[in-house]
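Enquirer: I need the structure of the sequence given here:
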Amino acid sequence: MGAAQQAQERLRSFFQWFTRRAFQDLQSRDWEVADYLSEVLARFVRTEQLRRVRDPQGDPTESVVEMLLEIQTASQDPELERDRFQFIGDYLLFMAGLFREYTQARGFLGYYLAEGPRAYHRVWEVEKGLFRPSARLFERLSQGFEFHAGALHYMRKTFFHEPSPEDPVEDWRRRVLHLLN
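Expert: Residues are numbered from 1 along each chain as shown. Next comes the predicted model:
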């Protein structure tokens, strides 16, 4: 295992304790979803991962609407479409969970809570059609999206300090990296 993989695994393990504790506090024992959320958090500590979807010119998309439009204009490759919908679901869950006040203040929260389950539902449809065992995970992410976003919000408020209102994502990332060092 390379150094980058070891660092990613440490991050995932770090978040796993917090997500599982939040789920336990909220009377949920769905450790598969909690562990998936740990992976999402570890991935998004690298802020470039938040801007992964690109337009035809290669520029990062600036909004969820642009991401959804990019999926519609992208190739008809079901795997690519599935990956993009998974990313959108992950992004919306991350933002609606960890940065609820930020998304609410900008009027995005309701939209994120509506589109997140749809994105995961699309992933579930592809996974189910390919008879993949992970289909059930994405079905639960879709059906419990608001609860899972709430669990992330609870986790942040319980175990982490309030983020800076100027750039909450970067502030959160700095705090996590500080805790790891």
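Enquirer: show me where this protein has helices.
Expert: 3-25, 31-44, 64-73, 78-98, 100-105, 109-129, 135-143, 145-159, 168-180 (DSSP state H).
Enquirer: just put those helices in TSV and tack on mean pLDDT.
Expert: Listed next are these as TSV, based on pLDDT from 0 to 100:
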stretch	mean pLDDT
helix 3-25	92
helix 31-44	96
helix 64-73	62
helix 78-98	91
helix 100-105	92
helix 109-129	96
helix 135-143	98
helix 145-159	95
helix 168-180	71
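Enquirer: make TSV from these and add mean neighbour count to it.
Expert: The C-beta positions use only the backbone N, C-alpha and C, and glycine is treated the same way. Output for the helices of the chain, formatted as TSV (neighbours: other CB atoms under 10 Å):
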stretch	mean neighbour count
helix 3-25	15
helix 31-44	20
helix 64-73	15
helix 78-98	21
helix 100-105	16
helix 109-129	19
helix 135-143	19
helix 145-159	20
helix 168-180	15
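Enquirer: got the contact list for the most centrally placed residue in the chain?
Expert: Centroid-nearest residue in the chain, with CA atoms, centre = their mean: Asp90, separated by 2.7 Å. With contact taken as CB atoms under 8 Å, 6 or more residues apart in numbering, Asp90 is in contact with 40, 43-44.
Enquirer: now for Glu118: which residues touch it?
Expert: No Glu there; residue 118 is Arg. Ser142.
Enquirer: now it: how far from Ala34?
Expert: As for Arg118, its distance to Ala34 is 22 Å (criterion: CB to CB, to the nearest Å).
Enquirer: what's the answer for Arg21, then?
Expert: Using CB to CB, we find Arg21 at a distance of 9 Å from Ala34.
Enquirer: ok, now which ones touch Phe147?
Expert: Going by CB under 8 Å, 6+ apart, Phe147 touches 26, 28.
Enquirer: roughly how far does it sit from Lys128?
Expert: From Phe147 to Lys128 the distance is 21 Å (CB to CB).
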